[in-house]
Each structure stands twice: as structure tokens, then as C-alpha cells.
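Participant: got a predicted structure plus its sequence, pasted below:
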Amino acid sequence: MRKSRNWLLVLLLIIVVTGFASFIYNKRKIGVSNGTRQIVFLTNGQIYFGNLLTSQGDFVTLRDVYYPQAVDSLRPDPSGLKKKITLQRLDEEIYAPDGNLNINKSQILYYENMRSDSKINDAINKFIQDNKNNPSPTASPVKP
């Protein structure tokens, strides 16, 4: 009985070590820089900005997600309607998602780490700062 108990403990230890090694391997495998946001380009043409987390099987998780959205301006313009690009937070959708996006790896064309001086990063940081105490913030314009 004591031998079977020891084998059970060894087996449990192997499972824990294997799980931890897999976690570390997957984190390195996707090549994400910690502390920076990523731009994720999907096969359907959509672009998302956020913090790419470790992969879970066939999926990766993007946290604190923003995406660009074109808004028509009502001001007259000789070339037609002007489009203004704003950043929309995923968790502000009418269906109230939690702000995380689980993406099937097969749908990702590629991703890039954003530099800290990126205009998108500036707009997201301004958006966060401006809406710290506002429970329902509005979209933030991206200045070219």
C-alpha cells in the first residue's frame, strides 16, 4: 500500500512539472513581449489591440481589447463623407463581453508587439486615463 502511494505522488509530481513546463513553453512559443500591447491581424481583415496571453490549446487570449472603428462625419466634404477612426473597447459592446477575446490560432495572420511610442498606444493610454472614473466611457479618437 505504501509503494502505491509513493507511485501516486511521483505521478502527481510529473503531471505538475509537465503542466508548468508546457505553460512556459507556450508563453515563449508565441513570442510575446511582456508589458507591451500587441496588434493582432486576423484572416477576416479585423485588427485588434491588446495584451496577448499564453495559448490554451488551439486558442490564444487577447486581454484589454480595443479595435479601430470608422465613424462617418456629418460635416460636408467635397470628396464625400469624412471617416474618423476611433478606438472601441471590446467590453463596451451592447452584449457586455468581459473584455477578453479568445482567438483560434488558425485565424491569426500575424501579430506584432507595439512600441511604447505608438500613436495607438498613446490613444489607448489617454482613453484609460480620461475614463478612470467614468463607468461607461466613449470611444477615443486616433490622431494620425
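Facilitator: Good, I have the coordinates.
Participant: how about the strands in the protein?
Facilitator: In the chain, the segments counted as strands under DSSP state E are 38-42, 47-56, 59-72, 83-89, 101-104, 108-113, 140-141.
Participant: now the first one against strand 59-72, angle please.
Facilitator: Right, strand 38-42. Between strand 38-42 and strand 59-72, the angle comes out at 80 degrees (axes from the mean of the first three to the mean of the last three C-alpha atoms, to 10 degrees).
Participant: tell me which residues of strand 38-42 are tucked away?
Facilitator: By neighbour count on 16 or more other C-beta atoms under 10 Å, the buried set for strand 38-42 is 38-40. Glycine gets a C-beta too; all of them are placed from N, C-alpha and C.
Participant: now it: average pLDDT?
Facilitator: Summarised as a single mean, pLDDT over strand 38-42 is 92.
Participant: what's it packed up against?
Facilitator: Other elements packing on strand 38-42 under the criterion 3 or more C-beta pairs under 8 Å, 6 or more residues apart in numbering; DSSP states H and E are strand 47-56, strand 108-113.
Participant: for N51, which non-adjacent residue is closest in space?
Facilitator: R63 (4.5 Å; C-beta to C-beta, 6 or more residues apart in numbering).
Participant: quick one: low-confidence residue ranges for this structure.
Facilitator: Low-confidence segments of the chain, defined by pLDDT under 70, span residues 1-3, 17, 19-34, 54, 56, 72-83, 91-98, 133-144.
Participant: repeat that with 90
Facilitator: In the predicted model of the chain, residues 1-37, 51-103, 114-144 satisfy pLDDT under 90.
Participant: ok, back up a step: Serialize the buried residues of strand 38-42 to a markdown table and add fields for distance to L11.
Facilitator: Supplementary listing: these in a markdown table, determined by distance: C-beta to C-beta, whole Å:
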| residue | distance to L11 |
| --- | --- |
| Q38 | 37 |
| I39 | 43 |
| V40 | 38 |
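Participant: contact partners of stretch 48-61?
Facilitator: Where contact means C-beta atoms under 8 Å, 6 or more residues apart in numbering, the residues beyond stretch 48-61 that reach it are 23, 26-27, 29-30, 32, 37-40, 42, 62-67, 87, 90, 100-106, 108, 111, 114, 120, 124.
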